[in-house]
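Q: Need a 3D model of the sequence below.
(one chain, ligands or ions: 2)
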Amino acid sequence: MTRGRIAVLGAGKMGGALIAGLLRSGHTADDLLATTQEPERAEELRSRHGVEVVSNLEAARAAATVVLAVKPQDMGTLLEEVGTALAPGALVVSVAAGLPTSWLEGRLPAGTPVVRVMPNTPVLVDEGMSAVSAGSHATSEHLAYVEELLAPVGRVLRVPEYQLDAVTALSGSGPAYFFYMCEAMIEAGLLLGLPRSVAHELVVQTAVGSARMLREAGESPVALREAVTSPAGTTIAAIRELENHRVRAALLSALEAARDRSKELAAGTA
Ligand SMILES: NC(=O)C1=CN([C@@H]2O[C@H](COP(=O)(O)OP(=O)(O)OC[C@H]3O[C@@H](n4cnc5c(N)ncnc54)[C@H](OP(=O)(O)O)[C@@H]3O)[C@@H](O)[C@H]2O)C=CC1
Ligand SMILES: O=C(O)[C@@H]1CCC=N1
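A: Ligands and ions are numbered 1, 2, ... in the order given. Now for the predicted structure:
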């Protein structure tokens, strides 16, 4: 499906990552428009990506697909500004955490097709995980078009919208948990007397290798972990400490908190 220009409104970290991905996957800078409220960011988008940076109104009027990438707390103001300026037939794609398609539809002209996406930052290395859900006026063609846009920058999964708060907790925020764990493991390396550069390289390659095994070995994380855990060995000594410190329970609670925060954003209690 070919549509016209794609405008990314609020091209910050996530919007910028999507712009970079669209350019890598064959879209030209002429296909794209970006908006931001920071002059320095505008300059960076122009110089790094060659993308035209315009006002929200200009972008909304000119684009066939409008990607909303501002923070959930800024979405109401943005939609008040651009809602009535959208071109006829324009597709609206929101990457905002929490905000349901019904919330967005209520602030857009009647009948506007909306697709909600929860991506993650690994789209920057074409290893993103995006989940998509259609709003009440989006057709299967709209959904297929959004999937086509996202497929070159990672995997795309269609989910019922009620699952998106949980998806946000798992894969949307997920990279942060992995970086947090890597950070802690590098610090542990320092504690054990390794130079920072050595600790960094050991942890990064271990993370990459483990992630590839998870994807390519076709085995569960449990089986892969058991294969590392020798009787009376080093790994089980470490696992005992993780269990003593209730790391598994902490993760369950942490993801529940992320899911709940997503629901709070939806309720406008941010
Ligand atoms: N970061 C991530 O990993 C993920 C983020 N998301 C979602 O993506 C969205 C953006 O998050 P993220 O990229 O991290 O945030 P950023 O703050 O990096 O990006 C949002 C950008 O929008 C700008 N902005 C705010 N209001 C306006 C406006 N009225 N017109 C134009 N630009 C505006 C902000 O400027 P200023 O800073 O001056 O306010 C900022 O540059 C959020 O809704 C988030 O839930 C989804 C998945 C993952
Ligand atoms: O922290 C956040 O709210 C956003 C949504 C998912 C990842 N980052």
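
Q: contacts and neighbour counts: CA atoms only from here.
A: OK.

Q: quick one: contacts for Ala87?
A: Ala87 makes contacts with 60-64, as judged by C-alpha atoms under 8 Å, 6 or more residues apart in numbering.

Q: Low-confidence ranges, the chain, go.
A: Within the chain, the stretches with pLDDT under 70 are 1-2, 268-270.

Q: Up against ligand 1, what does it have?
A: 9-15, 35-38, 69-72, 74, 78, 95-97, 118-121, 172 (C-alpha under 6 Å from any ligand atom).

Q: So which of the contacts of Ala87 is surrounded by the most neighbours?
A: Ala60 (28 neighbours; other C-alpha atoms under 10 Å).

Q: Hmm, that residue is touching Ala85, no?
A: Yes. In this structure, Ala60 is within contact of Ala85 by C-alpha atoms under 8 Å, at 6.0 Å.

Q: ok, the residue nearest to the spatial centre of the chain - contacts?
A: Nearest residue to the geometric centre of the chain (C-alpha atoms, centre = their mean): Asn120, 2.2 Å. Asn120 sits next to 14, 128-130, 171-175 when contact means C-alpha under 8 Å, 6+ apart.

Q: Now, of these, which are buried?
A: Burial by neighbour count, judged by 16 or more other C-alpha atoms under 10 Å, picks out 14, 128-130, 171-174 from the contacts of Asn120.

Q: Distance check, the residue of the stretch 151-270 of the chain found nearest ligand 1 against Ala217.
A: Closest to ligand 1 within the stretch 151-270 of the chain is Gly172: 4.8 Å, counting by C-alpha to the nearest ligand atom. Applying C-alpha to C-alpha, to the nearest Å, the value for Gly172 to Ala217 is 24 Å.

Q: Would you map the strands across the protein?
A: 6-9, 32-35, 52-53, 65-68, 91-94, 114-118, 128-134, 154-158 (DSSP state E).
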